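Participant: Show me the folded form of this:
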Amino acid sequence: SRHLVACLYAGVKIGGRDRENGPSQWEFQIGPCEGVTIGDHLYVARYILYRLTEMYGLRVTFSPIPVPGEAFMSSGHINFSTSRMRQKGGIEFIRHAIDILSKSSEEPLLGYYDPTKESTNSIRLQDTAFKFHPRFNEFVFDVANKRLTSVRIPPLVHENGYGYFEDRRPSSELDPYSAADGLVRACIFGDFLKPEYQHLQDLRFWDKE
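Facilitator: Okay, the predicted model is just below:
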């Protein structure tokens with residue numbers, strides 16, 4: 001709660017916090033933010049957390065594998081939308097973006113999602129013991145369900161027919177500027193489409209009425 005209050009006082013766009021599955025494992029949400037400004041707010045929020053933990057003699061890690069050998073992992077989910085997705089009927093644009101992601105090579109995008117030389121996020125995605133994180137080179141889409149899901153549409157978005165989608169593959173250590181860049185390249189511009197799906201690389205779709 002001290003972190004939440006400190007972020008609000010500093011003007012950080014923080015949306016909330018949740019206790020996670022593992023001991024001393026917590027999540028905080030940044031946003032909504034426009035474009036790469038998400039990076040400004042996330043980095044300041046991380047800085048504030050580091051300074052607060054120093055005051056109490058604690059340590060914080062953003063590693064996707066906070067305790068090697070344990071089943072719980074950490075990720076950095078990205079909730080993404082364009083203006084068309086947030087308008088009435090936006091579900092069509094959401095599903096189009098997800099369709100492009102499903103037909104894209106994962107390795108280039110995962111490179112944008114994991115800034116570490118150790119590629120710890122790839123190790124997380126290759127772990128088969130934990131059932132609630134995505135799998136490496138296995139794209140799974142679902143509505144509401146989080147089990148093994150790469151990308152999902154939240155229940156309320158599905159019910160309303162507009163909103164956003166959630167990519168669950170990024171690392172908890174993600175560089176938000178890089179991750180935002182990679183996601184836009186992937187699902188809007190189709191930069192990572194497999195050769196047989198290059199015909200989907202058509203930006204005119206986003207101008208349709």
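
Participant: Buried ones in the host helix or strand of residue 51, by neighbour count?
Facilitator: Take DSSP states H and E as the rule and residue 51 turns out to sit in helix 37-55. Neighbour-count burial for helix 37-55 flags 37-39, 41-42, 44-46, 48-49 (criterion: 16 or more other Cβ atoms under 10 Å). Where C-beta positions appear, they are placed from N, C-alpha and C, glycine not excepted.

Participant: and these as CSV, adding pLDDT and distance to residue 181?
Facilitator: Below are the buried residues of helix 37-55 laid out as CSV (pLDDT from 0 to 100; distance: Cβ to Cβ, whole Å):
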residue, pLDDT, distance to residue 181
37, 92, 13
38, 93, 11
39, 94, 10
41, 96, 16
42, 96, 14
44, 96, 19
45, 96, 20
46, 96, 19
48, 96, 24
49, 95, 24
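
Participant: now those as a markdown table including distance to residue 192?
Facilitator: As requested, the buried residues of helix 37-55 are exported to a markdown table (distance: Cβ to Cβ, whole Å):
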| residue | distance to residue 192 |
| --- | --- |
| 37 | 24 |
| 38 | 21 |
| 39 | 21 |
| 41 | 26 |
| 42 | 23 |
| 44 | 30 |
| 45 | 29 |
| 46 | 28 |
| 48 | 34 |
| 49 | 32 |
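
Participant: Could you point out the helix or strand that follows the helix holding residue 51?
Facilitator: With DSSP H and E, the next secondary element past helix 37-55 is strand 78-80.
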